[in-house]
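> based on what follows, work out the 3D shape:
(chains A and B)
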Amino acid sequence: MFSQTPILQLAGVTRNFGGLQALKDVNLRIEQGDLRGIIGPNGAGKTTLFNVVTGEFKPSSGKIYLRGEDISGLPPYRICRKGLSRTFQLTRIFPEMTVYDSIWAGANSKARRPWNPVSSARHLEDIEMETLEICKLIGLEEKKDELAVNLSYGDQKVLEIAMALSTKPSVLLLDEPTQGVGGKEVDMIVEVVKKLSERMTIVLIEHTIDVVMQLCKTVTVLTEGQVFAEGTPQEISANKEVQRVYLGEEI
Amino acid sequence: MKAKKENIYFALVLIALVALGFVLPRGARSLLVQVMILSIFAMGYDVSLGFTNQCSLGHSVLFGAGAYAILLPILHLKTGLLVSVLFCLGGGIVFSLVTGVVAVRLSEAYFVIVTAIFSAIFHLLAVDLTWLTGGDDGLSATLPALQLGFVKLSLYDPLVNYFSALFFLVASYLVLRRIACSPLGKIFLAIRENEKRAEYLGYHVTRYKLIAFVISGVFTALGGGLYALSLRYTTADFFSIYWSIIPIVWCLIGGLGTLIGPCLGVLLMSLFQYYVSAWWTYYLIIFGVLILLILRVSKGGIVGYALSRRKG
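So this is what the prediction gives:
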């Protein structure tokens, strides 16, 4: 293994909003192939962490490295092109576009001339192949001609993962992929994430402890913008301190 | 399948327009010339509003710029018609770049306000700089003949006037349809649907919005230029906010995000202006009610209604 440099590393990342410190000196090392769960109470800074890593906000101080390359403060579209892709807590899809076209849009962004104004979008075979492959992988093949807005909420969540996937990321950040989704659809999403973790590094924010314990290889607990504990799911659930601050009532 | 059907409709409309050019009486024909020219403007505007969700109130600047960019070279440089059309397109690019670079960075309401301010500034400038623009009185021009090989064509001939407008309409439609079906067109739609998501798919959204704004500006300027040519006249009034608001109305009633919709909008509104205003001065009241009715029945305007009927 060549994992001397972790695929994603945060070194002393701090983010202030006015007087509020949403992230305080966060250090994280995520190795290639990891499936990292990030848990923590509401307001612990989990989504802020994603927003800082993906370029939505600039870190107030500290550095973020992707494969050893400094990406702190780059705009989101450039970070995405470097192979880091995300989903959103509140689903962001293209409502009036078909499943196929939504995924196509991501696949196209990596093409040689994505802004090509002349050739017909329907005739770019490599992008078409990729799009169909992702539809198949994620299990949306039969629904590929439906408008995104007409999908069930669970399917929309899956579509969002598919869109994030379409840019061929090496690191995928999922912000509460099972939030607001019921029974069977949770299992479907868990299956999808499991399948994807064989191909890429995944960082997952999740509130459902069962899902975290079932999926993740390592878990980071965040409280008040700081890393509180880190370890395997077993270690975390055995950690008395963690139980006190967060898991308390649930385990 | 769908594209084939579209081609058949397109061919039918084209044949109808060619035939109408020969059979229509003078008045109706010149009305149709106006409709065709303003349709270019309307389609161009829709690239901004319907394709990328940028509700610009600054397109009067581009419309006026196109009108002056076509007549000023004829007046002062004695250029031919083809060269002045090039000036017009160039003017559209320059003005939409200058206004767009500032405006497209802003989101929604701020974009609308800033473009409206551009419209106001340029209107005032155009009224004041009488040495250049002729102010409210405007400038009239005598048009040179167009030399195409051995054929000499004059825009004073109503048939030539009609068919040149038709030519530009068809060319604009084909170019814009090509763009709409291309990867670039798909990116525009993605940005319209969800800007943030598009950004997180790796697209430099501001740049694509600027591209859309400039494409929109070029066709707006072409519309303005041809409009001035058909009147042989241009005035500072072409910079007034009226020319920013009217295309929104066209696009809304015809159908946002389509190319045919805005043209239908122009047609409907022009027919109204021409025939209804003859017997009632306050025809705009009826028109306003009509707009509300159309949008009440179908959010997607006339074209949206037709499409939903076909599906249902």
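
> which non-adjacent residue is nearest B:L97?
Leaving out its chain neighbours, the residue that sits closest to B:L97 by C-beta to C-beta, 6 or more residues apart in numbering or on different chains is B:V214, at 6.0 Å. Every residue, glycine included, has its C-beta placed from N, CA and C.

> revised request: answer the last question for B:Q34.
Using C-beta to C-beta, 6+ apart, the nearest residue to B:Q34 is B:S270, at 6.2 Å.

> can you pull the contacts of the one you found?
Contacts for B:S270 were tallied using C-beta atoms under 8 Å, 6 or more residues apart in numbering or on different chains; they are B:L31, B:Q34, B:V35, B:L38.

> which SS state does the first one fall under?
The reference is to B:L31. Here B:L31 is recorded as helix under DSSP: H, G, I helix; E, B strand; the rest coil.

> around the closest residue in space to it that isn't next to it in sequence, how many other residues sit close by?
The shortest distance from B:L31 to any non-neighbouring residue, by C-beta to C-beta, 6+ apart, is to B:Y274 (5.4 Å). Neighbour count for B:Y274, taken as other C-beta atoms under 10 Å in any protein chain shown: 15.

> the one 4 residues further on now?
One way to gauge burial is a neighbour count; for B:A278, by other C-beta under 10 Å, it gives 9.

> repeat for the one 3 residues further on
Each residue near B:T281 was counted by other C-beta under 10 Å, and the total is 9.

> same thing with B:L259?
Based on other C-beta under 10 Å, the number of other residues close to B:L259 is 23.

> geometric centre of chain A: which residue is closest?
Taking C-alpha atoms, centre = their mean, the centroid of chain A lies closest to A:L173, which sits 1.5 Å from it.

> quick check: phi and psi on the closest residue in space to that one that isn't next to it in sequence?
Spatial nearest neighbour of A:L173, chain neighbours left out: A:R86 (4.0 Å); criterion: C-beta to C-beta, 6+ apart. Here is the backbone geometry of A:R86 (degrees, to the nearest 10): phi -140, psi 160.

> then A:R15?
Dihedral angles of A:R15 (phi, psi; degrees, to the nearest 10) stand at phi -140, psi 120.

> how about it: what's its closest non-neighbour residue?
Of all residues not flanking A:R15 in the chain, A:L23 sits nearest, at 4.3 Å (C-beta to C-beta, 6+ apart).

> ranges for the strands of the stretch 1-150 of chain B?
Taking DSSP state E, counting those that start in this stretch, the strands of the stretch 1-150 of chain B run over residues B:139-140, B:146-148.

> so which elements touch the first one?
This means strand B:139-140. Contact partners of strand B:139-140 among helices and strands, from 3 or more C-beta pairs under 8 Å, 6 or more residues apart in numbering or on different chains; DSSP states H and E: strand B:233-234.

> CA atoms only for the next helix or strand along the chain from the strand it packs on, dumped as CSV, please.
Downstream of strand B:233-234, the next assigned helix or strand under DSSP states H and E is helix B:242-254. Taking C-alpha atoms only, helix B:242-254 is exported to CSV below (Å, rounded to 0.1, in the frame of the first residue of the first chain):
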residue,chain,number,x,y,z
TYR,B,242,-40.1,48.9,-22.2
TRP,B,243,-37.8,46.7,-24.3
SER,B,244,-36.7,44.9,-21.2
ILE,B,245,-40.1,44.0,-20.0
ILE,B,246,-41.9,43.2,-23.2
PRO,B,247,-39.7,40.1,-23.9
ILE,B,248,-40.5,38.7,-20.4
VAL,B,249,-44.2,39.0,-21.4
TRP,B,250,-43.6,37.2,-24.7
CYS,B,251,-41.7,34.4,-23.1
LEU,B,252,-44.2,33.9,-20.3
ILE,B,253,-47.3,33.7,-22.4
GLY,B,254,-45.5,31.6,-25.1
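
> mind listing what's buried in helix B:242-254?
Residues of helix B:242-254 classed as buried: B:W243, B:S244, B:I246, B:P247, B:I248, B:V249, B:W250, B:C251, B:L252, B:I253, B:G254 (neighbour count, 16 or more other C-beta atoms under 10 Å in any protein chain shown).

> residues touching the first one, list them.
Shown in contact with B:W243 (C-beta under 8 Å, 6+ apart): B:H59, B:S60, B:F63, B:G64, B:G224.

> can I assume the first one is in contact with B:S48?
This means B:H59. Yes: B:H59 is within contact range of B:S48, at 7.3 Å (criterion: C-beta atoms under 8 Å).

> give me the common contacts of these two.
With C-beta under 8 Å, 6+ apart, B:H59 and B:S48 have common neighbours B:S216.

> now do the residue nearest to B:L97 against chain A, distance only.
In this view, B:V214 and chain A are 11 Å apart by C-beta to the nearest C-beta, to the nearest Å.

> equivalent analysis for B:F219, please.
B:F219 sits 14 Å away from chain A, going by C-beta to the nearest C-beta.

> and the residue of the stretch 51-200 of chain B that's closest to chain A?
Nearest residue of the stretch 51-200 of chain B to chain A (C-beta to the nearest C-beta) works out as B:E193 at 3.6 Å.

> tell me the contacts of that residue?
B:E193 neighbours (C-beta under 8 Å, 6+ apart): A:I93, A:F94, A:P95, A:E96, A:M97.

> now it, nearest residue through space, not along the chain?
Once flanking residues are discounted, B:E193 sits nearest to A:F94: 3.6 Å by C-beta to C-beta, 6+ apart.

> go on, B:A145?
B:S154 (4.6 Å).

> near chain A, which residues of the stretch 201-312 of chain B? Just list them.
B:L201, B:G202, B:Y203, B:H204, B:V205, B:Y208, B:I211 (C-beta under 8 Å from any C-beta of the partner chain).

> tell me how many other residues crowd the second one.
Spelled out, that is B:G202. By other C-beta under 10 Å, 25 other residues sit near B:G202.

> for B:L77, same thing?
11.

> equivalent analysis for A:T87, please.
For A:T87, using other C-beta under 10 Å, the count is 27.

> ok, it to chain B distance?
9 Å.

> now the helices for the stretch 151-300 of chain B?
Using DSSP state H, counting those that start in this stretch, the helices found in the stretch 151-300 of chain B span residues B:158-181, B:183-193, B:195-199, B:205-231, B:242-254, B:260-271, B:277-279, B:283-297.

> check the secondary structure at A:L28 for me.
On the three-state scheme (three-state DSSP), A:L28 is labelled strand.

> report pLDDT for the spatially closest residue to it that is not a sequence neighbour.
In space, and not counting its chain neighbours, A:L28 is closest to A:L10: 4.3 Å by C-beta to C-beta, 6+ apart. The model reports A:L10 with a pLDDT of 94.

> just the buried residues of the helix or strand A:L10 falls within, please?
Element membership for A:L10, per DSSP H and E: strand A:8-17. For strand A:8-17, a neighbour-count test (16+ other C-beta under 10 Å) marks A:L8, A:Q9, A:L10, A:A11, A:V13, A:T14, A:R15 as buried.

> now pLDDT and distance to B:A120 too, for the residues of the stretch 201-312 of chain B next to chain A, in JSON lines please.
As requested, these are arranged in JSON lines below (pLDDT from 0 to 100; distance: C-beta to C-beta, whole Å):
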{"residue": "B:L201", "pLDDT": "95", "distance to B:A120": "37"}
{"residue": "B:G202", "pLDDT": "94", "distance to B:A120": "37"}
{"residue": "B:Y203", "pLDDT": "95", "distance to B:A120": "32"}
{"residue": "B:H204", "pLDDT": "95", "distance to B:A120": "30"}
{"residue": "B:V205", "pLDDT": "95", "distance to B:A120": "27"}
{"residue": "B:Y208", "pLDDT": "96", "distance to B:A120": "27"}
{"residue": "B:I211", "pLDDT": "97", "distance to B:A120": "26"}
